[in-house]
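J.: Would you be able to build a 3D model of this:
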Amino acid sequence: MAWLHAHPEGAVLTAISTADRAAIRATHVLTLLDRVTSLQQLGQAAGVGRKQLDSLQPHFQEDWLSSLRLQLRMNIL
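T.: Next up is the predicted model:
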């Protein structure tokens, strides 16, 4: 993430996927929060089956990430 912050012109297309709350906070500070994607969303794009996606732990799901994004944008976290 430090490289992305230092070289934004070099990052044409970047997707960051993590379930680490501290790393997601860091993306917010670096104004890269919109580039974070859930493992669930990556799996959907890759054609992973619904049964496997539904069995993901909550912190890998889009709902968890969306909730965390909202909390960061509202300065709750």
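
J.: Please report how far R25 lies from L33.
T.: Applying Cβ to Cβ, to the nearest Å, the value for R25 to L33 is 9 Å. (C-beta placed from N, C-alpha, C; glycine too.)

J.: Pick out the least confidently modelled helix or strand of the protein, by mean pLDDT.
T.: helix 2-6 (a mean of 73; mean pLDDT, DSSP states H and E).

J.: Compare R25 and L33 (neighbour count), which wins?
T.: Comparing R25 with L33 by other Cβ atoms under 10 Å, the one with more neighbours is L33, at 18 against 15.

J.: does R25 belong to a helix or a strand, and which?
T.: Taking DSSP states H and E as the definition, R25 sits inside helix 21-29.

J.: what comes into contact with that helix?
T.: 1, 16, 18, 33, 35-36, 65, 68-69, 72-73, 77 (Cβ atoms under 8 Å, 6 or more residues apart in numbering).

J.: in that helix, what counts as buried?
T.: 24, 26-28 (16 or more other Cβ atoms under 10 Å).

J.: quick one: the strands in the chain?
T.: Here the chain has no strands by DSSP state E.
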